[in-house]
Every structure is written in C-alpha cells, then in structure tokens.
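Novice: From the sequence below, what's the structure:
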Amino acid sequence: WDWAPFPGAPLTADTGSKTYSRGIWKSVYLVKISTASATITDVVPEIFYRGHYPTKALVDGQHGGFDVNVRVHLWSPSPTRGYVEVLGSWGCINRSRIIHFEGEYNATV
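Specialist: As a prediction, this is how the structure comes out:
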C-alpha cells in the first residue's frame, strides 16, 4: 500500500476519517529480467570458526581456520539452469551447479 486510505479499515475514533497505511518503509528494488534468466534476491554469508573457542585475539596464520558458506537466493520467472560461483579474496573459488528451477531457489556454495 501507498500513503492512501486503507480499504476496509474502520474510521478513526477522534476524527472519523479512514486509517492510512504506513506505506513503503524499506528499500524497494524493481528489476527487469528476461524470461530465460534468474535474478539474485539475497546473499547470506555464513562464517564458522574451526578452532577451539578463542579467549584472545586471533593472529593471522595462528588459528584454527574458518569455513565460509555463501547461500544465494535466486528467482526465475521460467525454468532455467546454470551455476553460482563464489570467489573469496583469499583465493578460494567454489561453484554450485543449479540443475533446473523455476520460481524461488537457493544454493549454498
């Protein structure tokens, strides 16, 4: 809803006027995509420490390491396939093959 009277809402007690909606309150993105493609709707990095619980600051090269997963949420208006590739700044490349999907889908790389 936009900044307009909310349909079916009761009249306010003080003025007897229609209640207004709150309107759009977060970012809105409009994206045009072709029917034979997909769009990324959300990216969620998941970082897990592999070592014992640290009791002091970690030092590069002297810790248990990390596992990094990236969950990529996709949407496609029609059946499509492809892959998601994630390149870490530390030189790691992972690719997830997406078989065949339509609508909402998520891949973890």
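Novice: What's the biggest strand in this structure, counting residues?
Specialist: strand 66-87 (DSSP state E).
Novice: How far does that one sit from its chain's centre?
Specialist: 11 Å (C-alpha atoms, centre = their mean, to the nearest Å).
Novice: in its sheet, what does the helix or strand that that strand is followed by sit against?
Specialist: Once strand 66-87 ends, the next helix or strand along the chain (criterion: DSSP states H and E) is strand 93-108. Using DSSP bridges, strand 93-108 pairs in its sheet with strand 66-87 (antiparallel).
Novice: can you give me the mean pLDDT across the partner strand?
Specialist: Strand 66-87 shows a mean pLDDT of 88.
Novice: Could I get the buried residue list for that strand?
Specialist: Neighbour-count burial for strand 66-87 flags 70, 72, 74-76, 80, 82, 84, 86 (criterion: 16 or more other C-beta atoms under 10 Å). C-betas here are computed from N, CA, C, even on glycine.
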